[in-house]
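> Next come a sequence and a model predicted from it.
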Amino acid sequence: MKDISTSINKVDNDEKTSGQAKYVADIKLEGMLYAFTVRAKIVKGKILNIEYPLLPEGYFVVDYRDIPGQNIVKVIFNDMPVFTEKEITYLYEPIALLIGPDKNVLSKLIEAVHIVYQEDEPLFDWTDSVVHYHFDKGEGKRAFSGKKIIEFNYETSYQEQAYIEPQGFIGYMDKEKVTLIGSIQCPYYVKKAVVQALGEREQNVRIIQANVGGAFGGKEEFPSLIGCQLAVALKKIKKPIQLIYEREEDMLVTTKRHPSRVHFKAAIKDNKIYALSADVGIDGGANIGLSGVVLSRALIACTGVYTIEHLDISGDVFRTNTVPNGAFRGFGAPQMFFAIEMFIEHVALELKVNPLEFKKDILAKQGDYTSTMGIFRDPVLMPLMIKKAMEVSNYQEKRTKYDALDSYKGIGMSWFFHGCGFTGSGEKNIIKAKVRLKKVFETVEILIAAVDMGQGVKTTFRKLVANILNIDIEQVIFNNPDTDAVPDSGPTVASRTMMIVGGLVARATVEVKKRWAEEKFIVEKEYEQPSYIKYDEEKFKGDAYPAYSWGVNVVEVEVDKFTYQVKINKSWSFYDIGKAIDERIVIGQADGGLAQGLAYGYLEVMNHKQGKIMQKNMTDYIIPTAMDMCPMETYLYENPYAYGPYGAKGVGELSLIGGAPAVAKAIEQAIKRRVFKIPVTPEYIMELIKNG
Amino acid sequence: MAKIKFKLNNQFVEMETDPNRRLLDVLRDDFNLTGPKEGCGEGECGACAVLMNHEIVNSCCTPLANIIEKEIITIEGFSKTKKFEVIKDAYAKTGGVQCGFCTPGMIIATESLLNKNPHPTDFEIKIGLSGNLCRCTGYNLIIEAVKEAAKAGDGLW
Amino acid sequence: MVEAFIPKDLDECLRILSERKVRIVAGGTDMLIQNRSHTGMSIGYRNDVLYINNLNELKNIYEDDAFVYIGAALSLEKIMQSDIVPKLLKDTILEMASPAIRHTATLAGNIGNASPAGDSLVSLYLMDAELEIRSINNTRRVFLKDFIKGVRKIALESDELITKVIIPKLVFEKAYFKKVGPRLSDAISKLSFAGAYQTYNNRITDIRIAFGAVNITVVRDRVLEKKLLGKKVEEIKEMMDLIISWYDPLILPIDDQRSNKVYRKEVSFNLLREFVRNLN
């Protein structure tokens, strides 16, 4: 039998290259109506009156009055209405759907909706803390007294997921059953949200995943909002309805990566970091939603890959009158790793010591305590990876060479990890993943809710099962999840799919193997938390994650001395992901994650002006083209995790995290200035150079 | 309304319709050719790309009035060719496909490029793909796929 | 619903223009975006439109001793591939658009659009490009600089059509276009610069400087350029600060979602300095 890591062709290559793969907008249903969203035109205030135009026959308004259940979208923190009733808390907040058969008519009707508002003063400053966390390690605050202090501030801005396929659903009533087909990461999130909004019985809500044209977290919780809206409309109108966003609507109203501000303070003793304090703020936008969880992942990552004994960490989610922010690949970690990677380097420079040695000295080792007093239980391969990184990238030599004042070249290196799976006891207490395998004669069907959104789940899961059973991959069936057919194996998020769901599937497959002689049977497995994982969410104490994936990125850049434009010439990446279930798929993910991470660091600009997103289309929101990306060399390290299938850990998010600090550090060297915020745009570089 | 005559995937087509419609909508709605996708609707992402007289164009910014007497080939039509087989296999071999939404456009861009330049350099490949956005791959494996196709299909273009 | 006219030949086209008030659409790459409605709906033009992309009379390219004549409906790609088109224009086209756009967009369209960020305009201003403009009863020739009146404002009568872009044949020692975009390809410029010069016996006989996206239209000042004629290259280099101060009042960029005015101005000057520094 071949090593599982040996690559095979992706099972969906042919249907995707030939254009046969159906995405939600490709599905047309007989008698289908279209839905347009009526949105608030003010940033904050109240609706005093809405006057809808006279609707022609066959046209409908659907708003909060039509919601049979609760007017709240079930996310994690439930504070987002399906349709706002009165209160407007951000620009373009959804008020109603206008539905009918002809878009020409709808576009005229929507212009004719007349809304009278009472406008209030919007809040954009980060003053309204709606989630506050604090935790200590070691001596906490006391560790700072009487010591030399070094402190800096770091800032990150929005990032838009920019999946190439915008958000959307199509839905229909199947007798009493509300059925939604959508571009989603989490079929059961949508189902639970719809059940609550409709006050409906579970069996009357069915969610089917269409092929997903990219997601990156953007289709984690946001689809629950529009899924609920569409479900309410379906209950009322009882005809098939399509609700598909166009790019501009998608960019103006969907969730984005939280902008962040981090104030780091280091207490110095014997020219080393004795204690670290972090004060972290993230902009939640108008709703809290997932923001608290994003913040907690960020806080837990506050020490980066370093072991620091004394910590005093606090953070806040601020509510502002801006578009709600939410999940995006990395989930708080990219913000924090940018900040900590820059800070440790800046501290070393302040102390006039070699940053590399300074960092190596405090690099976490197996057995060390994490920021939350959990333990890094598995071997940490970072020293090996760093050594290799420096060798293949010729790091030292280039570092020295580019130190020349007029080089305008730089090489930067970042070290990072990602906690795999949900934070803390989320898997055990909230998700409780279930998987099912159905064996029928010579075939096995994988029944899970995991979504292939490009990361290759369809291929890797079939391969996993086929490999364990030593059967042909053609004998393994995996269809897009349909909540009527698959159990709730949890959302496709948090780099948990292969490690957690794949781990369960592997265990179920082993049982199938034992019973192979039987003709037809079903095996089910439910998640059991490794016994050593104990985590106190309130106190931030214990093992926040069962395992960690680790990474090193090296990036070489060139800055144009006249235009301050950055060109990335080459990158080298080193990842410990336990075990690759398919090497080429992992490399594809790694390249794509790094591209997003690099672009987050230097290219992608998004901001709001008085609550309005300024880059509302792909013309103004700049993501990399083939011209912008550099050749990427990737090295994978095996370091099996006991509970992952074949030892696999998380892959998806890891590769995004190190890009921004690596590119920022490379730019620092090229321009001989310190960088404190991302993206490091040409405008910012100019400012840094001019201000000396 | 006007009479619009063109060749679509090797068939002559004549339709009486509004010439102010976008080619993309006509392909998707009237011919159920859903391989071309709408990603941005403004010529930035290339997901809607088709071949017009064997050259890549964005069907989202092509008015129907501009395709009169032209030959349009969508991914559905192109996928019936030997060249497609070579490109498809190259994408499989290098892992150039992830979510797949940009893929039909990328394949069209690949064909348009190789058609003009059967042996492109890395830089020429990057230029050839520069109007097609992909958010999943970071482009490297797609660039590899184009190189692989050029190699495997040597003589075809 | 607005009406669409698709003339079969230029005569019919000019006749329609003489009778109806229409918007002219060439490649459509920009007009469709400006008039976008919704997926599945017709383009949301507010006026009747006239499509000129099918007119073969507008797709030729030829030269005489003094000029290159480019038909208004010729695609950027075809222009780029022509042997008789100046290299500066080809370089500009390569930088300004992706292959898919190049295959349909036209030079005349970019001109008619009169966007402050229109890349081709910068090089065309630099080369003193002219336009042939026709109406049913008249053919006139106008300098591009006199044709563009402001942001999306052009001196075109409602019965007129740009039929040719006319580029003088020039000899430069060096001529280049520099696009400063937010990424390396396929994006709207934050600013752009074009410079060209010719020397004889180490003295400047022709020097041209143009900036894009830093004012309502391309910045080029012939009076300032004239002040440099006849001077030695070294002399000009010593005038650097003075030259910058000449252009200072002309470079009036704005803050927008793509960049800011400080950057646009600073980088414009950097590129100007670099151009002057490299004169030889």
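Done, it's in.
> Which strand or helix spans the closest residue to chain C within the stretch 251-400 of chain A?
Of all residues in the stretch 251-400 of chain A, the one sitting closest to chain C is A:Met251 (11.6 Å; Cβ to the nearest Cβ). Yep, even glycine has a C-beta here, placed from its N, CA and C like the rest. Assigned by DSSP states H and E, A:Met251 belongs to helix A:247-253.
> Compute the number of surrounding residues for the closest residue to A:Ser18 other than its chain neighbours.
Counting by Cβ to Cβ, 6 or more residues apart in numbering or on different chains, A:Ser18 lies nearest to B:Ser79, which is 4.0 Å off, once chain neighbours are set aside. As a burial measure, B:Ser79 scores 22 neighbours (other Cβ atoms under 10 Å in any protein chain shown).
> isn't B:Ser79 right up against A:Lys16?
No: checked against Cβ atoms under 8 Å, the pair B:Ser79 and A:Lys16 is beyond contact range at 11.0 Å.
> where in the stretch 101-250 of chain C is pLDDT low?
Applying pLDDT under 70 to the stretch 101-250 of chain C flags no residue at all.
> how about the residues of it near chain B?
For the stretch 101-250 of chain C, the residues in contact with chain B (Cβ under 8 Å from any Cβ of the partner chain) are C:101, C:103-104, C:185-186.
> Next, A:Glu345: phi, psi?
The phi and psi torsions at A:Glu345 (degrees, to the nearest 10) take the values phi -60, psi -40.
> how near is it to chain B?
Counting by Cβ to the nearest Cβ, to the nearest Å, the gap from A:Glu345 to chain B is 25 Å.
> ok, now C:Lys227?
Taking Cβ to the nearest Cβ, one finds C:Lys227 at 39 Å from chain B.
> Tell me which residues touch that residue, please.
The contact partners of C:Lys227, by Cβ atoms under 8 Å, 6 or more residues apart in numbering or on different chains, come to C:Trp246.
> Just give the closest residue to C:Ser158, not the sequence neighbours.
Once flanking residues are discounted, C:Ser158 sits nearest to C:Lys21: 5.4 Å by Cβ to Cβ, 6+ apart.
> So the one you found, which state does it fall into?
coil (DSSP: H, G, I helix; E, B strand; the rest coil).
> Any idea how many residues pack against it?
By the criterion of other Cβ under 10 Å, C:Lys21 has 10 neighbours.
> next one: C:Asp221
For C:Asp221, the neighbour count with other Cβ under 10 Å is 14.
> In three-state terms, label the residue nearest to it when sequence neighbours are not counted for me.
The shortest distance from C:Asp221 to any non-neighbouring residue, by Cβ to Cβ, 6+ apart, is to C:Leu250 (6.3 Å). What three-state DSSP gives for C:Leu250 is coil.
> so C:Leu250 touches C:Val218, yeah?
No: C:Leu250 is beyond contact range of C:Val218, at 10.5 Å (criterion: Cβ under 8 Å).
> Now the residue nearest to A:Ser18, what are its backbone angles?
The phi/psi pair for B:Ser79 (degrees, to the nearest 10) reads phi -70, psi 0.
> List the contacts of it.
Per Cβ under 8 Å, 6+ apart, neighbours of B:Ser79: A:17-20, B:35, B:88.
> Show me where the stretch 301-450 of chain A has its strands.
Assigned by DSSP state E, counting those that start in this stretch, the strands in the stretch 301-450 of chain A fall at A:310-319, A:409-419, A:434-440, A:443-447.
> Quick check, the residue in chain B closest to chain A?
Residue of chain B nearest chain A, by Cβ to the nearest Cβ: B:Gly35 (2.3 Å).
> Go through the residues of the stretch 101-250 of chain C next to chain B and name the one nearest chain A.
Chain A has its nearest neighbour among those in C:Ser185, at 4.0 Å by Cβ to the nearest Cβ.
> any idea whether the closest one is helix, strand or coil?
Following three-state DSSP, the label given to C:Ser185 is coil.
> from memory it sits against B:Asn132, does it?
No: contact criterion Cβ under 8 Å: C:Ser185 and B:Asn132 do not qualify, at 11.0 Å.
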